[in-house]
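>>> Everything below, folded, please.
(one chain, ligands or ions: 2)
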Amino acid sequence: AFVVTDNCVRCKYTDCVEVCPVDCFYEGPNFLVIEPDECIDCALCEPECPAQAIYSEDEVPDNMTQYIELNAELSQVWPNITEKKDPMPDAAQWDGVADKLQYLEK
Ligand code: SF4
Ligand code: F3S
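Numbers count the residues shown, from 1 in each chain. Ligands and ions are numbered 1, 2, ... in the order given. The predicted structure follows:
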């Protein structure tokens, strides 16, 4: 499966959801996740993310592997999202800031 990682936090651009053929993105307050069992590994979402936050599960950087479990866990409780919306208000300011896990709202 593909995985949404650190740089989505506090950005949440949502371009990714528009291209997913199986609608497997789920939305929290300031982050999105992918439901790993629904993802068909088409890779369409990866280049759509302006924050480059999406990786194939086997290419997730070592310092972000916690996000694999977070995608699996939070996709079970958050609502589905299929249409693009405005990014977080301070998305440009947070894009590229490291270690945003501490800001993830559940
Ligand atoms: Fe959806 Fe394809 Fe991205 Fe998986 S890889 S989340 S199926 S767009
Ligand atoms: Fe997040 Fe990138 Fe989608 S910032 S909401 S993974 S387009």
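>>> isn't residue 45 right up against residue 16?
Yes: assessed by Cβ atoms under 8 Å, residue 45 is found in contact with residue 16 at 4.2 Å. Placement of C-beta: from N, CA and C, glycine included.
>>> which residues are common contacts for the two?
Common neighbours of residue 45 and residue 16, counting by Cβ atoms under 8 Å, 6 or more residues apart in numbering, are 25, 54.
>>> So these two - more neighbours on which side?
residue 16 (26 against 23; other Cβ atoms under 10 Å).
>>> Give me the residues contacting the strand or helix carrying that one.
Assessed by DSSP states H and E, residue 16 sits inside helix 15-19. Residues outside helix 15-19 that contact it (Cβ under 8 Å, 6+ apart): 4, 23, 25, 32, 44-45, 48-50, 54, 81-84.
>>> from these, which is closest to ligand 2?
If you rank those by distance to ligand 2 using Cβ to the nearest ligand atom, residue 49 comes first, at 3.2 Å.
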